[in-house]
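Colleague: coords please:
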Amino acid sequence: MDLRTARFYAIDVETTGLDQAKDEIISFACVPIVNLKIVVHENYYTLIKPARYNYKAMKYHGISRADLQAAPAFEDVSDHLLKMLDGILVGHTVEFDFNFLKKSFKASGSRFKRDLIDIAMVEKWLKQRCKAESRGLTLDEMIEAYGLKKHYRHNAAADAFFAAQIFQMQLLAMTKFGITSAEKVIKAARSCRYADSDIVY
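Modeller: Have a look, this model is predicted:
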């Protein structure tokens, strides 16, 4: 699929913790990228009410129990999300977000399977091709490297938009190396999947 016809969705979730077996999603955001452009007016964000709230995680995302009081449960938005996410999912350590979504969809009775592109892996691939000095692969380090103004970190809407902006610039850089299809981007990212282990934040 040509890069200009592929639909990418930069996504991010905030959760009650990092344990995918027991923790839950409390906010979700996605930013569509179509024709190599960020489709700002189609951005989506929602809080999601979990079955259990974890106060310890609040120091990262700042979402209080009161903020979630009127939020929908995941099952209430699952059909909408399933229809909306009809392309390739993009994000920083996106497998983490995907696994939480997959678990939540399964609990709601839906199967969720999508191709994934990790912008940290794309960055590693680009550095190898450019034979450039390796830069840090945390999202904060990548935000700084791409000259973006860092604000509202660990907010799903902001982090998804950061990922979308970085990926947009990465795609333009990849075209210079003959990467003109979504399949080639996926293959390039997968070839670098074993990056440094300290890139979660």
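Colleague: so when I look at residue 45, I'm seeing a helix, right?
Modeller: No. Counting by DSSP: H, G, I helix; E, B strand; the rest coil, residue 45 is not found in a helix; it is strand.
Colleague: Next one: it from residue 35, what distance?
Modeller: Per CB to CB, to the nearest Å, residue 45 is found 22 Å from residue 35. C-beta: built from backbone N, CA, C; applies to glycine.
Colleague: the more surrounded of these two?
Modeller: The neighbour comparison of residue 45 against residue 35 (other CB atoms under 10 Å) goes to residue 45, with 16 against 11.
Colleague: Would you mind naming the residues that bridge with that one?
Modeller: Beta-bridge partners for residue 45, by DSSP bridges, are residue 29.
Colleague: quick one: it from residue 160, how far?
Modeller: 8 Å.
Colleague: quick one: buried residues of the least confident helix or strand in the chain by mean pLDDT?
Modeller: Least confident helix or strand, the chain: helix 58-61 with a mean of 74, by mean pLDDT, DSSP states H and E. The neighbour-count check on helix 58-61 (16 or more other CB atoms under 10 Å) flags residue 61 as buried.
Colleague: Put the alpha carbons of that helix into PDB.
Modeller: Extracted C-alpha coordinates of helix 58-61, given in PDB (Å, rounded to 0.1, in the frame of the first residue of the first chain):
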ATOM      1  CA  MET A  58      -2.000   9.400  39.200                       C
ATOM      2  CA  LYS A  59       1.500  10.900  39.600                       C
ATOM      3  CA  TYR A  60       2.200  10.000  36.000                       C
ATOM      4  CA  HIS A  61      -1.000  10.800  34.200                       C
END
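Colleague: What's the first helix or strand after that helix?
Modeller: Following helix 58-61 in sequence order, the next helix or strand is helix 74-84 (DSSP states H and E).
Colleague: Following the chain onward from that following helix, which element is next?
Modeller: Next along from helix 74-84, by DSSP H and E: strand 88-91.
Colleague: who touches the following helix or strand past that next one?
Modeller: Next helix or strand after strand 88-91 toward the C-terminus (DSSP H and E): helix 94-107. With contact meaning CB atoms under 8 Å, 6 or more residues apart in numbering, helix 94-107 is reached by 11-13, 15, 20, 23-25, 28, 74-75, 78, 81-82, 89, 91, 111-114, 116-119, 200.
Colleague: Give the residues shared as contacts by residue 45 and residue 160.
Modeller: Listed contacts common to residue 45 and residue 160 are residue 29; contacts here mean CB under 8 Å, 6+ apart.
Colleague: Check for me that residue 11 belongs to a strand.
Modeller: Yes. Under three-state DSSP, residue 11 falls within a strand.
Colleague: what number of residues lie near it?
Modeller: Residues lying near residue 11 (other CB under 10 Å) number 27.
Colleague: if I look at it, how far off is residue 136?
Modeller: Using CB to CB, we find residue 11 at a distance of 22 Å from residue 136.
Colleague: One more: residue 111?
Modeller: For residue 111, the distance to residue 136 - CB to CB - is 36 Å.
Colleague: Run through the residues that contact the residue nearest in space to the middle of the chain.
Modeller: The residue lying closest to the centre of the chain (CA atoms, centre = their mean) is residue 91, at 2.7 Å. With contacts defined as CB under 8 Å, 6+ apart, residue 91 is in contact with 10-12, 97, 116, 118-119, 160, 163.
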